[in-house]
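**Q** After the sequence you'll find the predicted model.
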Amino acid sequence: MTHPLSENALPPITSSTTKANIRLPSGGRAAALIASMIFSAAGMSNTWAQDAKSTLVVAGPRTPESLDQEYPPTEASHEARRNVYERLLAYAPKTTDGVQVENFDKIIGALAERWELSADKTSITFHLRKGVKSYVGNEMTADDVMWSFNRGWSKDASFRWYMSQILGVKNFDASFKKIDVMTVQVTLPKASPLIERIWVNNDLGILDSTEMKKHVTEEDPWASKWLATHSASFSAYQVTKFRSGQEVVYEANPNYYRGAAKIKKVIFRELPTAANRLAAIQTGSVDVAEWLAPRELATLEKNPQVKVWQVFGNYIHRVEMNNAKPPFDNVKVRQAMNYLVPRDEILKAVYFNKARFTKSPVSEIYPGYTDQYFKYTNDVAKAKELLKEAGLEKGFKTQLAYRTGDQTEEEIAVILKTSFARAGVDVELTKLPASTFVERYSSGALPMYFFRDMAIVPDAAYVSNLWLNSASLINYSKFKNAEVDKLINESLATIDEAKRKAGMTRVQEIVMNEAPWVFLMNPGYQLAMRSNVAGYSWYTPNGNTWFDFYKK
C-alpha cells in the first residue's frame, strides 16, 4: 500500500506529470490567450462582470488525480480534500503575521459539536452536530459517520492506515460503534497520545452516505469510481464539474453548517507551465496563482496589483541518500556531504532569501522541534577529513536525481555538483520524468535524490515515524537505528508527554548526527493573489481553503 501521508506518494507538481502541457507565446499575447482560454472554457464570458465578486479563478499546475480521500494524496488532491470533506474535529484558528493559521494547542468541534475523551486515552465519543446538511440537503447522522468509517476500513488505504498503524486498531467491530442516532464511539486496544488529534486530519472526512449509496454497484460496493470525480460530503463546497487535466469547478454548499461561503464558485484551471501562471496573475486573468518558483514570486513582489503571501510551514526539502548502500552506508560520508552544502548561496541564489535552513527532521513549527543539534556549516576541510576517515580520501563518484521540469531542484543540483566536487565527490546530475523518478527512489535504485515532503499531523513522533522508523513504508533513505525505532514506538504508545518530548529530543540528536539526508531548506508555502482577494489562510496540508477567501 502506498503510504497515505506522503505528498510524494505520487509524482509531485511538475509540467511533466500532466497531460496538457500548454505552450503559449510570451508577453502580452500569452496573457491574452490565457485569459481567453480560462473564461471561455469556464463558460464565464457573459457572466463574469456580474459574478466577479463571488467567483474565484485559480491557476494551478494540475488538477487532482482523484477526489476520493482513500486515493494516495498529492499536493493537488490534498487541496481538493480540504474543500470537499469536513472532519469531526478541527484546530482553532489564530492569526500570525496577518495570516489565519491553525492553533495546534486548541482543538475545537467541527462535525462533532462536542466529544468526550477517556482519562486513559483509549476511547473517544463524538456527539454529532445537529442540523448539518450536505450540498444536496441530506442531514448528517451517526449512520453517515459509521458508513464512512466502514468504507475507509474496507478500502484498506488511508483510513485503515491511520487507524491500525497510528491508533493500533485491529478489529473494526470492536473499535467503532454507533451509540445512538447522533453519537459514535471509537475504542482503542491501548492508549494513544494521538487519539484526539488524529481526527483533524485532512484524509478523515465524513461522507454523505445517502448520496454515496446511489452510486454503489455490485462491482463497486463503495462507489469508488464515482467518488474519484464527484463529491458527497458535509463541507463548504461540492465539486460540480471535474475534467481531469483541465478544470475543476467547486460550488458553495448553501447548507454548510458554518454558513455559506462568500466565494460561491471556484474555477480551478490547470496551467502546467509556471510562466503561464505568472502571466495570468500579472494581467488579472486569474485571481490566484499556485506553486510559482521563487524567482517568479520575487518578480511579483514588485507588482502593486498582486500580493504574495508566505508561511514557513511544515515542508522539508532535502536530498536523501540511500543509507543501505556504499558509500552512504558510512555515517562519516553522510556527514561529509552535509559539510559541503553552501546553504547561504542556495538561500540567496535560488530562494531569494525566502526560505530557512532545515535544522531537524521535525518540522520547525511543530511541538517537540529543536534545532540545537544542527552543526553543519560550509566546511570543506571538515568534509575532507571525514572522507579520509571513511577511506575515501580521493572522493568518489555518485548520482543525484531530480524531476524533469523542476526549475528549483535543477538550480540547487547545479550548485551542489560544484560544491561536492571541492572534496572530490564527482556527481552525475540525472533528470527523470516524475513517474520514473518516484519509482526509482522508492525502489532504492537511486543513490541520491531530491525529496520534498510534509507531515500533516503536528506531532514530533508522528513525523519521525513517517520518515525515520525503519519499518515505515516511506523511509526511502533506508535509515535504520535501533534506538530511534524504540523511541519512536514508545512515543506513539505513551500518554506521558514529558517522556514523549524527551524521547523526540533524543531522536533529533541521533538523526542530526547520523545525517541520513543532506539537509537543505524549509521553502515555506507561497501564494500569489490579486490585491482585491483576501482571506489567505494556511493549514498543514499546504492547500488553499476556499471558504476563507473573499473579494474586497
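**A** Perfect, thanks for sending it.
**Q** roughly how far apart are the residue lying closest to residue 200 once chain neighbours are set aside and residue 113?
**A** Of all residues not flanking residue 200 in the chain, residue 89 sits nearest, at 5.1 Å (CB to CB, 6 or more residues apart in numbering). Placement of C-beta: from N, CA and C, glycine included. Per CB to CB, to the nearest Å, residue 89 is found 11 Å from residue 113.
**Q** between the two, who's got more neighbours?
**A** Taking other CB atoms under 10 Å, residue 89 and residue 113 do not tie; residue 89 has more neighbours (20 against 16).
**Q** how about the helices of the stretch 1-150 of the chain, start to end?
**A** Secondary structure of the stretch 1-150 of the chain (DSSP state H, counting those that start in this stretch): helices at 28-42, 48-51, 75-84, 142-155.
**Q** And the ones you listed, which one averages the lowest pLDDT?
**A** The stretch with the lowest mean pLDDT among the helices of the stretch 1-150 of the chain is helix 28-42, at a mean of 48.
**Q** residue contacts, the residue nearest to residue 200?
**A** Neighbouring residues of residue 89 by CB atoms under 8 Å, 6 or more residues apart in numbering: 107-110, 112, 115, 196, 199-200.
**Q** repeat for residue 481
**A** 468, 470, 510-511, 514.
**Q** among the residues you listed, who's most crowded?
**A** Counting by other CB under 10 Å, residue 468 has the largest number of neighbours within these, with 26 neighbours.
**Q** shouldn't that residue be in contact with residue 486?
**A** No - counting by CB atoms under 8 Å, residue 486 is not a contact partner of residue 468; they are 12.0 Å apart.
**Q** quick one on the thing from earlier: identify, from the contacts of residue 481, the entry nearest to residue 137.
**A** residue 468 (46.6 Å; CB to CB).
**Q** While we're on the closest one, how confident is the model there?
**A** 97.
**Q** Quick check: it vs residue 429, distance?
**A** Residue 468 is 27 Å from residue 429, by CB to CB.
**Q** name the element the closest residue to residue 252 other than its chain neighbours belongs to?
**A** The shortest distance from residue 252 to any non-neighbouring residue, by CB to CB, 6+ apart, is to residue 261 (4.2 Å). Per DSSP states H and E, residue 261 falls between elements, in no helix or strand.
**Q** Quick one: residues contacting residue 261.
**A** Residues in contact with residue 261, defined by CB under 8 Å, 6+ apart, are 236-237, 252-253, 546-547.
**Q** Repeat that for residue 459.
**A** Residue 459 neighbours (CB under 8 Å, 6+ apart): 193-194, 197, 366-368.
**Q** of those residues, buried ones?
**A** The neighbour-count test (16 or more other CB atoms under 10 Å) applied to the contacts of residue 459 identifies 193-194, 197, 366, 368 as buried.
**Q** now for those residues, which pair is the farthest apart?
**A** By the measure CB to CB, 193 and 366 form the most distant pair in the buried ones among the contacts of residue 459, at 13.8 Å.
**Q** Could I get the pLDDT score of the nearest residue to residue 249 once chain neighbours are set aside?
**A** Counting by CB to CB, 6+ apart, residue 249 lies nearest to residue 241, which is 3.8 Å off, once chain neighbours are set aside. pLDDT for residue 241: 98.
**Q** and residue 241, helix, strand or coil?
**A** Here residue 241 is strand, with the state taken from DSSP: H, G, I helix; E, B strand; the rest coil.
**Q** got a list of what it touches?
**A** 247-249.
**Q** Would you mind giving these as a markdown table with secondary structure, neighbour count and distance to residue 413 added?
**A** What follows is these, written out as a markdown table (DSSP: H, G, I helix; E, B strand; the rest coil; neighbours: other CB atoms under 10 Å; distance: CB to CB, whole Å):
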| residue | secondary structure | neighbour count | distance to residue 413 |
| --- | --- | --- | --- |
| 247 | strand | 16 | 33 |
| 248 | strand | 26 | 32 |
| 249 | strand | 19 | 38 |
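**Q** can you give me the strands in the stretch 451-552 of the chain?
**A** With strands called from DSSP state E, counting those that start in this stretch, the stretch 451-552 of the chain shows them at 517-522, 525-530, 533-534, 550-551.
**Q** any chance of these in CSV, with mean pLDDT too?
**A** Below are these laid out as CSV (pLDDT from 0 to 100):
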stretch, mean pLDDT
strand 517-522, 98
strand 525-530, 97
strand 533-534, 98
strand 550-551, 97
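**Q** Looking at those, which is nearest to residue 435?
**A** Among the strands of the stretch 451-552 of the chain, strand 517-522 sits nearest to residue 435 (CB to CB), with 22.7 Å.
**Q** Pairing partners for that closest one, with directions?
**A** Paired strands of strand 517-522, with direction, are strand 316-321 (antiparallel), strand 356-357 (antiparallel) (DSSP bridges).
**Q** Could I get the pLDDT score of the most centrally placed residue in the chain?
**A** The centroid of the chain falls nearest to residue 541 when counting by CA atoms, centre = their mean (4.1 Å). pLDDT, residue 541: 93.
**Q** If you tally nearby residues, what's the number for the residue nearest to it when sequence neighbours are not counted?
**A** The shortest distance from residue 541 to any non-neighbouring residue, by CB to CB, 6+ apart, is to residue 78 (4.0 Å). Neighbours of residue 78 under the rule other CB under 10 Å: 21.
**Q** quick one, what contacts residue 78?
**A** Residues counted as contacts of residue 78 (CB under 8 Å, 6+ apart) are 7, 202, 456, 541-543.
**Q** sorry, back to before: so which of the strands paired with strand 517-522 is the most packed in?
**A** For those, the largest average neighbour count (mean count of other CB atoms under 10 Å) is found in strand 316-321, namely a mean of 23.
**Q** Whichever helix or strand comes after that one: which residues count as buried?
**A** Counting by DSSP H and E, the next helix or strand C-terminal to strand 316-321 is helix 331-339. Buried residues in helix 331-339, counted by 16+ other CB under 10 Å: 332-339.
**Q** got it, and stretch 391-403?
**A** 392, 395-396, 398, 400-403.
**Q** Same question for stretch 420-430.
**A** Residues 420, 423, 425, 427, 430 are the ones in stretch 420-430 that count as buried (16+ other CB under 10 Å).
**Q** Among the residues you listed, which one lies nearest to residue 218?
**A** residue 430 (46.8 Å).
**Q** quick one: contacts for that closest one?
**A** 399-402.
**Q** Quick check, the residue nearest to the centre of the chain in contact with residue 205.
**A** No - with contact defined as CB under 8 Å, residue 541 and residue 205 do not form a contacting pair (11.9 Å).
**Q** shared neighbours, these two?
**A** residue 81.
**Q** any chance of the contacts of residue 481 in CSV, with distance to residue 445 too?
**A** Conversion of the contacts of residue 481 to CSV gives the following (distance: CB to CB, whole Å):
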residue, distance to residue 445
468, 21
470, 19
510, 27
511, 24
514, 23
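**Q** Can you tell me which of the residues you listed lies closest to residue 164?
**A** Nearest to residue 164 out of these is residue 470 (CB to CB; 18.2 Å).
**Q** Hmm, that closest one is touching residue 480, no?
**A** Yes - shown here, residue 470 and residue 480 form a contact pair, counting by CB under 8 Å, at 4.1 Å.
**Q** Quick one: end-to-end distance for stretch 214-224.
**A** When the termini of stretch 214-224 are compared using CA to CA, to the nearest Å, they are 12 Å apart.
**Q** Please enumerate residues in contact with it?
**A** Contacts of stretch 214-224 (CB under 8 Å, 6+ apart): 68, 70, 151, 154-155, 212-213, 225-227, 230.
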